[in-house]
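Engineer: Fold the following and give me the result.
(4 chains, ligands or ions: 2)
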Number of protein chains: 2
Amino acid sequence: MKSPSQPRDRGIPEATVARLPLYLRALHGMAERGIATVSSEDLAGAAGVNSAKLRKDLSHLGSYGTRGVGYEVEYLVYQISRELGLTQDWAVAIVGVGNLGRALANYGGFVSRGFRVAALVDADPEVVGDTIAGLNVEHIDDLEAVIARRGVSIVVLAIPAAAAQKVCDRVIAVGVTSILNFAPVVLSVPDGVDVRKVDLSIELQILAFHEQRKAGGPLMAVDSQ
Amino acid sequence: MKSPSQPRDRGIPEATVARLPLYLRALHGMAERGIATVSSEDLAGAAGVNSAKLRKDLSHLGSYGTRGVGYEVEYLVYQISRELGLTQDWAVAIVGVGNLGRALANYGGFVSRGFRVAALVDADPEVVGDTIAGLNVEHIDDLEAVIARRGVSIVVLAIPAAAAQKVCDRVIAVGVTSILNFAPVVLSVPDGVDVRKVDLSIELQILAFHEQRKAGGPLMAVDSQ
DNA sequence: ATCCCTTTGTGAACCGATGCACAAAGTCGC
DNA sequence: GCGACTTTGTGCATCGGTTCACAAAGGGAT
Ligand SMILES: NC(=O)c1ccc[n+]([C@@H]2O[C@H](COP(=O)([O-])OP(=O)(O)OC[C@H]3O[C@@H](n4cnc5c(N)ncnc54)[C@H](O)[C@@H]3O)[C@@H](O)[C@H]2O)c1
Ligand SMILES: NC(=O)c1ccc[n+]([C@@H]2O[C@H](COP(=O)([O-])OP(=O)(O)OC[C@H]3O[C@@H](n4cnc5c(N)ncnc54)[C@H](O)[C@@H]3O)[C@@H](O)[C@H]2O)c1
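Structural biologist: Ligands and ions are numbered 1, 2, ... in the order given. Below is the predicted model:
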């Protein structure tokens, strides 16, 4: 008996990484509905991609399918989760508890995937000390201490653009290397630090561009998702 | 005297479209600080991209720079705005006024770019009739009427995943072709409809993947922004 | 055991996007 | 006016990602 298939290549394409959570979500839905096995065709359909792409993506993790049959749902959930690092739980701090930060703090969707909101931080004395989503809001002056104490490894920035770079520098200084930024500003960070940004306004502008094009000339419209 | 430079090619690469808002934001900042002219090098720096890419992107819109000098800030702002369709204003409806929908409704960042929140819609009788951010929350039963009455052309979905496809179908049925989806679900739409999705949970999972890699093997870390 | 049917895993062609490097174009100082 | 200098616009090589299409692998029926 030989080892069936090792994790293989350590270099997974970025585009693949970005789709793994999509597959995972689809698989969770299937597991809940009691589906034990799924073909690349069906899983690709559920995730909204084409089946060749799905198979190539999964092939980067290893050879986890069975020809003629498909993929075992539970097993694949485990493999993808492990690859994404979701078998451990991650402590997340949200800096900025305004409109957006509050919504994020109250959102249940993280916890379900191994992300735990471990700290809320704000600068406004009006807000500091409040309890939001069961957490005490701490003062920005204590940022470094809070990150250390709670073992935070991912920081979410939900503060005004003008304050983002400064806070960003501070969390990097205490060793944080993963940042999710909602402020509409380009953060400058050293190598080794990952910044992902979510910019609502950019999304709307892209939609407007296509919308205008559709209205202007009856040419073609592209679907992107 | 000949025409100096017409809008050129009508086929702008998707990757370029996605960066135009970034340039626009940087340019607005410069205009505010009274900068009249900017080189591709400086603008690229401010937008966090490399200068060759910036020049190629702008070349798709037309030849709006002056060799030896750079780009005139005001003029470029106008050209990019026009290309993105921001010279008209867009009526946006937000469906789902929960944690997230509320934050969006209260956010000032849209209006500044020609997007006007023209309607709020929800299914919860507890919420319908409330005034949020100066707008009356309307009932989901009136969705079609509200969209028509307010001239909505972009719909933002901030409702639970289970409800998203149904509402999506309804807005498409009354002619909406641009949707921004926050619900963690793959929407199925006909050709000609653009869906953009924002999925926080996916962003965190991507960060977790890289974070795990950094911790596990001291190999390399990629910066992405 | 053997054959047939299904579905995976992947080689190879293709496609769009990126980055280099430089000629062309224009400015500015004298 | 002219020459030196700056910066754009783009041709070209390259790269990462997508898609096609099929040989290889495995399951199930007989
Ligand atoms: N609300 C949205 O829907 C939305 C959408 C897209 C982008 N954004 C961006 O997200 C960020 C937050 O938006 P918001 O609507 O929640 O703003 P907000 O003004 O409601 O909240 C900002 C919070 O950050 C706090 N803060 C300010 N400076 C701080 C600092 N130095 N350290 C710690 N906390 C600080 C403030 O006290 C406030 O509580 C902004 O950059 C905004 O542009 C928001
Ligand atoms: N809150 C966040 O930070 C966050 C982050 C990422 C994704 N999301 C996603 O965004 C969506 C909204 O999140 P939320 O936290 O605001 O949820 P929420 O439960 O606070 O709000 C949802 C709102 O939608 C309304 N609604 C439900 N069904 C509806 C229907 N058929 N028509 C119209 N309205 C309906 C509800 O009455 C409620 O007001 C969810 O899909 C969630 O997964 C939220």
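Engineer: use CA for all of it now, contacts and neighbours both
Structural biologist: OK.
Engineer: Now look at stretch A:139-154 and say if it contacts ligand 1.
Structural biologist: Yes. Contact of stretch A:139-154 with ligand 1 (Cα under 6 Å from any ligand atom) involves A:I140.
Engineer: would A:H28 count as being in a strand?
Structural biologist: No. With DSSP: H, G, I helix; E, B strand; the rest coil as the criterion, A:H28 is helix rather than part of a strand.
Engineer: Tell me the residues of chain A that contact DNA strand D?
Structural biologist: Residues of chain A lying close to DNA strand D by Cα under 7 Å from any atom of the strand are A:13-16, A:49-50, A:52-53, A:56, A:66-69.
Engineer: From these, keep the buried residues only.
Structural biologist: A:16, A:49 (16 or more other Cα atoms under 10 Å in any protein chain shown).
Engineer: farthest-separated two in the residues of chain A next to DNA strand D?
Structural biologist: Using Cα to Cα, the pair of these lying farthest apart is A:E14 and A:G68, separated by 28.9 Å.
Engineer: Show the end-to-end separation of stretch A:76-91, please.
Structural biologist: Across stretch A:76-91, the terminal residues are separated by 25 Å (Cα to Cα, to the nearest Å).
Engineer: and what of stretch A:120-137?
Structural biologist: 5 Å.
Engineer: what about it, near ligand 1?
Structural biologist: Yes. Residues of stretch A:120-137 contacting ligand 1 under Cα under 6 Å from any ligand atom: A:122-124.
Engineer: Cross those residues against strands and list the overlap.
Structural biologist: Taking DSSP state E as the definition of strands, the residues of stretch A:120-137 next to ligand 1 contribute A:D122.
Engineer: May I ask which of the residues of stretch A:120-137 next to ligand 1 has the most neighbours?
Structural biologist: A:D122 (24 neighbours; other Cα atoms under 10 Å in any protein chain shown).
Engineer: Might one say that that residue is in contact with A:D142?
Structural biologist: No. Using Cα atoms under 8 Å, A:D122 makes no contact with A:D142, being 9.8 Å away.
Engineer: hey, where'd the strands end up in chain A?
Structural biologist: Under DSSP E, chain A gives strands at A:37-38, A:65-66, A:70-72, A:90-95, A:115-122, A:131-132, A:135-139, A:154-157, A:178-181, A:194-197.
Engineer: Distance-wise, check A:V185 relative to DNA strand D.
Structural biologist: As judged by Cα to the nearest atom of the strand, to the nearest Å, A:V185 and DNA strand D stand 22 Å apart.
Engineer: Contact partners for the residue of chain A found nearest ligand 2?
Structural biologist: Residue nearest to ligand 2 within chain A: A:L104 (3.5 Å; Cα to the nearest ligand atom). Going by Cα atoms under 8 Å, 6 or more residues apart in numbering or on different chains, A:L104 touches B:99-100.
Engineer: any idea of the pLDDT on it?
Structural biologist: Per-residue confidence (pLDDT) for A:L104: 97.
Engineer: Could you do A:G216 as well?
Structural biologist: Note for A:G216: predicted pLDDT of 75.
Engineer: again, but for the one 4 residues further on
Structural biologist: On the pLDDT scale, A:M220 is placed at 41.
Engineer: do the same with A:G85
Structural biologist: 96.
Engineer: Stretch A:121-135 vs chain B: in contact?
Structural biologist: No. Stretch A:121-135 stays clear of chain B (Cα under 8 Å from any Cα of the partner chain), getting no nearer than 11.7 Å.
Engineer: Quick one: end-to-end distance for that stretch.
Structural biologist: Distance across stretch A:121-135, first residue to last, is 10 Å (Cα to Cα).
Engineer: Contacts for that stretch next, please.
Structural biologist: Contact with stretch A:121-135 is made by A:93-97, A:102, A:105-106, A:118-120, A:136-141, A:143, as judged by Cα under 8 Å, 6+ apart.
Engineer: So how do I select the buried members of these in PyMOL?
Structural biologist: Buried members of those, defined by 16+ other Cα under 10 Å, are picked up in PyMOL with:
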select buried, chain A and resi 93+94+95+96+97+102+105+118+119+120+136+137+138+139+140+143
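Engineer: so A:V69 sits right up against A:S40, yeah?
Structural biologist: No. With contact defined as Cα under 8 Å, A:V69 does not count as touching A:S40 (9.6 Å).
Engineer: Return the per-residue confidence for the closest residue to A:R170 other than its chain neighbours.
Structural biologist: Nearest non-adjacent residue to A:R170, counting by Cα to Cα, 6 or more residues apart in numbering or on different chains: A:E144, 7.5 Å away. On pLDDT, A:E144 comes in at 98.
Engineer: for A:E144, what are its contacts?
Structural biologist: Taking Cα under 8 Å, 6+ apart as the definition, contacts of A:E144 comprise A:170-171, A:174.
Engineer: Point out the ones among the residues you listed that are inside helices.
Structural biologist: Those of the contacts of A:E144 mapping onto helices are A:170-171, per DSSP state H.
Engineer: check contacts around the residue nearest to A:G45 when sequence neighbours are not counted.
Structural biologist: In space, A:G45 comes closest to A:S51 once its chain neighbours are excluded; the distance is 7.6 Å by Cα to Cα, 6+ apart. By Cα under 8 Å, 6+ apart, the contact set of A:S51 is A:40-41, A:43-45.
Engineer: so of those, which ones are in helices?
Structural biologist: A:40-41, A:43-45.
Engineer: Tell me where chain A has helices.
Structural biologist: A:14-32, A:40-47, A:51-59, A:73-84, A:99-106, A:143-150, A:161-173, A:200-216.
Engineer: how about these, which one is nearest B:G29?
Structural biologist: Nearest of the helices of chain A to B:G29, taken as Cα to Cα: helix A:161-173 at 11.5 Å.
Engineer: close to ligand 1, is that closest one?
Structural biologist: Yes. On the criterion Cα under 6 Å from any ligand atom, helix A:161-173 is in touch with ligand 1 at A:161, A:163.
Engineer: Give me the angle between that helix and strand A:90-95.
Structural biologist: Helix A:161-173 and strand A:90-95 are oriented at 140 degrees to each other (axes from the mean of the first three to the mean of the last three Cα atoms, to 10 degrees).
Engineer: Could I get the CA-only coordinates of helix A:161-173 as PDB?
Structural biologist: What follows is helix A:161-173 as a C-alpha-only set of coordinates in PDB (Å, rounded to 0.1, in the frame of the first residue of the first chain):
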ATOM      1  CA  ALA A 161      -8.900  57.100   4.600                       C
ATOM      2  CA  ALA A 162      -6.800  59.800   6.300                       C
ATOM      3  CA  ALA A 163      -6.200  57.500   9.300                       C
ATOM      4  CA  ALA A 164      -5.500  54.300   7.500                       C
ATOM      5  CA  GLN A 165      -1.800  54.500   6.700                       C
ATOM      6  CA  LYS A 166      -0.800  55.400  10.200                       C
ATOM      7  CA  VAL A 167      -2.800  52.500  11.800                       C
ATOM      8  CA  CYS A 168      -1.500  50.200   9.100                       C
ATOM      9  CA  ASP A 169       2.100  51.100  10.000                       C
ATOM     10  CA  ARG A 170       1.400  50.500  13.700                       C
ATOM     11  CA  VAL A 171       0.000  47.000  13.300                       C
ATOM     12  CA  ILE A 172       2.800  46.000  10.900                       C
ATOM     13  CA  ALA A 173       5.300  47.200  13.500                       C
END
